[in-house]
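Student: Below: sequence and its predicted model.
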Amino acid sequence: MKNINLILIIILIILILVLVLRKRKNNIEGFIGLDNNDQVEVVDEVYAKIYDIVFNEDYIFDKDIEFIEKNITPGSSILEVGVGTGKYFNKLFKNYNMTGVDRSTNMLKLARIRTPTGNFMRGDIRNDQLYNLNTFDGILCTLDTLYHNTYNNQFNIISNINKWLKSDGKLFIHIFDYNKLVPAPRLYSSHYVDSEDKLHAFTEFDNFSHDGLYEKFEDHVLYKEKIEMRDHRKYYNSTKLYIPKNKNQTIDMIIRNNFKLIDIYQVDGYDLLDIELYCFKKVDNETVL
């Protein structure tokens with residue numbers, strides 16, 4: 001009987017250790033990515049803070065803001081979908097009636113810190129009931145917001161954006177070029193090729209380093225990141241992005257949702273040519289072409 005009890009105690013201790021180590025691995029050695037349905041992104045609080053530092057190139061943001069302000073009148077109502085930590089939102093907040101939505105609670109926490117009086121909400125832009133018809137003069141869909149969604153969901157999201165825009169409303173959206181993807185989050189990121197001939201971008205920050213690369217697959221890419229803290233803790237993150245091999249597929253999809261392309265902007269002096277900011281205008285069916 002004593003032997004049986006001893007065995008049960010040992011088994012219980014092993015189970016506890018497994019659970020503790022699993023929790024530690026999730027919380028310290030890795031970040032939360034996508035849920036089991038590969039649908040809803042859950043962003044860890046620590047990763048959200050690191051993301052806010054890593055992807056914070058003011059030069060690029062400021063040039064994008066100039067392009068946006070050139071194409072939409074001050075005082076207009078603007079919705080930013082996938083507002084993230086609120087960098088674009090904050091830069092436009094003084095001159096526009098801004099609304100921001102994101103499905104990540106932890107990203108929204110940082111957005112509210114950046115712009116305490118901003119109008120933010122947690123929501124999923126795949127839901128066409130999120131906003132009323134003809135509500136906004138402009139909608140921003142910046143960086144990789146669209147590409148976190150499957151191709152079918154991308155079409156539905158653009159359809160929702162069209163519904164939420166007023167007549168002649170503007171859509172500002174970043175479009176990636178699959179064939180020119182470069183993993184550098186900053187202008188000063190350095191590049192190297194690993195033993196598997198994969199291009200990395202390495203960036204040093206005050207308290208940590210960031211190492212990123214793209215892995216390409218048939219219908220998607222993975223953006224993989226390794227963050228190493230000064231105390232040698234390491235964090236890993238892998239983000240699935242649905243970027244088509246031909247960027248015209250994204251452009252045509254937007255046009256099919258009753259938009260007309262009116263302007264394109266590539267940041268001057270920015271040698272990472274994998275992304276451009278497009279401006280589309282909502283049009284009637286008869287005037288799409």
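Tutor: Perfect, thanks for sending it. Numbers count the residues shown, from 1 in each chain.
Student: hang on, D64 packs against Y88?
Tutor: Yes: taking contacts as CB atoms under 8 Å, D64 lies within contact range of Y88: 7.1 Å. Backbone N, C-alpha and C define where each C-beta goes, glycine included.
Student: Between the two, which contacts overlap?
Tutor: T142 (CB atoms under 8 Å, 6 or more residues apart in numbering).
Student: what sits up against stretch 54-74?
Tutor: 78, 87-88, 91-92, 95-96, 137-138, 140, 142-143, 170, 172, 185-187, 203, 205, 210, 262-263, 265, 267-268, 270, 277, 279.
Student: Please repeat the previous calculation with a cut-off of 7 Å.
Tutor: Contacts of stretch 54-74 from elsewhere in the structure, counted by CB atoms under 7 Å, 6 or more residues apart in numbering, are 87-88, 91-92, 95-96, 137-138, 170, 172, 185-187, 203, 210, 263, 265, 267, 270, 277, 279.
Student: now, which of these lie within strands?
Tutor: When these are checked against strands using DSSP state E, the ones located there are D137, G138, K170, F172, T203, H210, D263, Y265, L277, C279.
Student: Rank those residues by pLDDT and give me only the lowest.
Tutor: Checked by pLDDT, those have Y265 as the lowest-scoring entry (89).
Student: How many residues are close by that one?
Tutor: Y265 is flanked by 17 other residues according to other CB atoms under 10 Å.
Student: My read is that it contacts H174, right?
Tutor: No: between Y265 and H174 there is no contact, the gap being 10.0 Å when judged by CB atoms under 7 Å.
Student: Between these two, which contacts overlap?
Tutor: Going by CB under 7 Å, 6+ apart, residues that sit against Y265 and also against H174 are L277.
Student: Do a quick rundown of the helices in the stretch 101-250 of the chain.
Tutor: Along the stretch 101-250 of the chain, the stretches classed as helices by DSSP state H, counting those that start in this stretch are 105-114, 151-164, 248-256.
Student: quick one, the shortest one and helix 151-164 angle?
Tutor: Think helix 248-256. 30 degrees (axes from the mean of the first three to the mean of the last three CA atoms, to 10 degrees).
Student: What is helix 248-256 packed up against?
Tutor: helix 151-164 (3 or more CB pairs under 7 Å, 6 or more residues apart in numbering; DSSP states H and E).
Student: Just the residues contacting the helix it packs on, thanks.
Tutor: Helix 151-164 is touched from outside by 79, 125-126, 128, 131, 133, 135-136, 139, 141, 146, 149, 171, 242, 253-254, 257-259, 282, with contacts defined as CB under 7 Å, 6+ apart.
Student: Who are the contact partners of S189?
Tutor: Applying CB under 7 Å, 6+ apart as the definition, the contact partners of S189 turn out to be A201, F202, T203.
Student: what about the last one, distance to R233?
Tutor: If I follow you right, that is T203. As for T203, its distance to R233 is 17 Å (criterion: CB to CB, to the nearest Å).
Student: of the two, who's got more company?
Tutor: Neighbour comparison, T203 and R233: the larger count goes to T203, with 20 against 11 (by other CB under 10 Å).
Student: how is the chain carved up into domains?
Tutor: For the chain, whose domains are defined here by automatic domain parsing, the residue ranges read 24-52+180-241, 59-179+252-287.
Student: which one of those domains has the lowest average pLDDT?
Tutor: Mean pLDDT is lowest for domain 24-52+180-241 out of those, coming in at a mean of 82.
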